[in-house]
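Novice: Mind folding the following:
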Amino acid sequence: MSSKEGAWPESTSSSSWDTTSSSSWDTTSSSPWEEPELRAPAAWLACVYVCVCVCGVFGNCLVCVAMVRLERLRSSTSVYVMSLALADALFMLSLPLLVAQELLQRWPFGDAACRLVVVLDGMNQFTSAACLTAMSLDRLLATCGPPVAQTWRSPRRAAMLTVLLATVSMTPVLPVAAHFSSQSGVCAPGEELVEGSGGLAFLGGAFCLGFALPLAVMLLSYGALCFRRSRDMMGTNERQVTAMLASVAVAFFVCWAPFYTINFLSVQEVMPSEPWGAGLFITAFQVCVCLSYSWSCCAPLLYAAFSPRFRSHFKTLLCPRKTAHTTRPTHDTHDTHTHVYDLSDSHTQVNELSHTHSHMYDTHITPQQPTQV
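Specialist: Now for the predicted structure:
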């Protein structure tokens, strides 16, 4: 877990890691980073965190309701989308504590709350990366996999895999969270975690497990899908779903790559010595942290931007009366079912439509069969 509890700029005398903000840079009295003019304004950071929290909770809860109420979790894609939204929404609940730390310039909630925030942060990062990886492989199976692979993509198996991934993500998080405390006045890791090469090992492990490895799998999967699309072997629905999920993967890279880059620079003590350079470095660090937080609220926006189905879902949930007046029932069976299974792949649509039409045919012809005497 390398998120906001990761490496912060080290001073010349001791390391000063922070969970979220520059407010913990006052843990060492000799640190050049604790000059008031070098700190990012706490009020500005608190406002950013509040906006991210409100947008993240609202957007991800809206996605969860849409997946359960409207999509009814009838495809593996909808299960992964809901799992990603649920992980982001749970993490957003810890942001008010971080806002309080920014405004109070201290951590008043005790060690238990500090470790809970670390656990939620780490679970969010690893579970999000794992869900994105699973979605990219699921798309690859849906469009390029053999017919027998479609039986592996049931919603039930997707839910079981998601639970397994969330459980496994706790493995690297819990030992690290045990080293966090608020004894220094802020929620920060202990010296045993950051002294010597511990900081680099901690950050490097989180980078590999939570960013580099998932990103490599996503690049390979979506690269194969782009090759298939270039040969016109994908249907319209498959292209829309693939584009939506690929945009989320791109956002994952944009939000997390700057954070890891500046953290590695901080751990390697690559920092300017001039006061103006130090202030610029701290500002850049805070921007990267805010960008990594924004990852948890950008997925719903991308769903609405790239998926007509999600736009319809959001409109139905936010404006139910207007939608009820403007929507008219249709008797076009093909269009109706294609619209319902928008998040599924063509194989799922064909199989379920065939079953539906077969069932409808049997229902209609049964009363017309002659009665045997």
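Novice: Every contact and neighbour count from this point should use C-alpha atoms.
Specialist: Noted.
Novice: Pull up the distance across stretch 200-214, start to finish.
Specialist: 20 Å (Cα to Cα, to the nearest Å).
Novice: cool, and stretch 95-114?
Specialist: 12 Å.
Novice: Run through the residues that contact Phe126.
Specialist: Counting by Cα atoms under 8 Å, 6 or more residues apart in numbering, Phe126 makes contact with 1, 166, 169, 209-210.
Novice: ranking these by neighbours, who comes first?
Specialist: Met1 (29 neighbours; other Cα atoms under 10 Å).
Novice: before we move on, the earlier item: for my notes, please list the contacts of Phe126 in a markdown table and give pLDDT for each entry.
Specialist: Below are the contacts of Phe126 laid out as a markdown table (pLDDT from 0 to 100):
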| residue | pLDDT |
| --- | --- |
| Met1 | 50 |
| Ala166 | 89 |
| Ser169 | 85 |
| Leu209 | 89 |
| Gly210 | 90 |
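Novice: Identify, from those residues, the entry nearest to Glu191.
Specialist: Taking Cα to Cα as the measure, Glu191 lies nearest Met1 of the contacts of Phe126, at 17.1 Å.
Novice: in the stretch 101-250 of the chain, which spans are helices?
Specialist: For the stretch 101-250 of the chain, the helices defined by DSSP state H, counting those that start in this stretch cover 110-144, 155-177, 191-194, 198-207, 213-230, 236-267.
Novice: Report the buried residues of the longest one.
Specialist: The one in question is helix 110-144. Under the neighbour-count criterion of 16 or more other Cα atoms under 10 Å, helix 110-144 has 111, 113-143 buried.
Novice: buried residues in stretch 77-95?
Specialist: Result for stretch 77-95 [16+ other Cα under 10 Å]: buried residues 77-92, 94-95.
Novice: do you know how far the nearest residue to Leu90 once chain neighbours are set aside is from Thr236?
Specialist: The shortest distance from Leu90 to any non-neighbouring residue, by Cα to Cα, 6 or more residues apart in numbering, is to Leu120 (7.3 Å). Going from Leu120 to Thr236 by Cα to Cα gives 37 Å.
Novice: Restricting to C-alpha, output stretch 140-151 in PDB.
Specialist: The C-alpha coordinates for stretch 140-151 follow below in PDB (Å, rounded to 0.1, in the frame of the first residue of the first chain):
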ATOM      1  CA  LEU A 140     -10.200 -10.300 -23.500                       C
ATOM      2  CA  LEU A 141     -12.000 -13.600 -22.800                       C
ATOM      3  CA  ALA A 142     -15.300 -12.000 -23.900                       C
ATOM      4  CA  THR A 143     -14.000 -11.000 -27.300                       C
ATOM      5  CA  CYS A 144     -11.000 -13.200 -28.100                       C
ATOM      6  CA  GLY A 145     -11.500 -16.300 -25.900                       C
ATOM      7  CA  PRO A 146     -12.800 -19.700 -27.000                       C
ATOM      8  CA  PRO A 147     -16.500 -20.500 -26.600                       C
ATOM      9  CA  VAL A 148     -15.700 -22.700 -23.600                       C
ATOM     10  CA  ALA A 149     -14.200 -19.700 -21.800                       C
ATOM     11  CA  GLN A 150     -17.600 -18.000 -21.700                       C
ATOM     12  CA  THR A 151     -18.700 -20.400 -19.000                       C
END
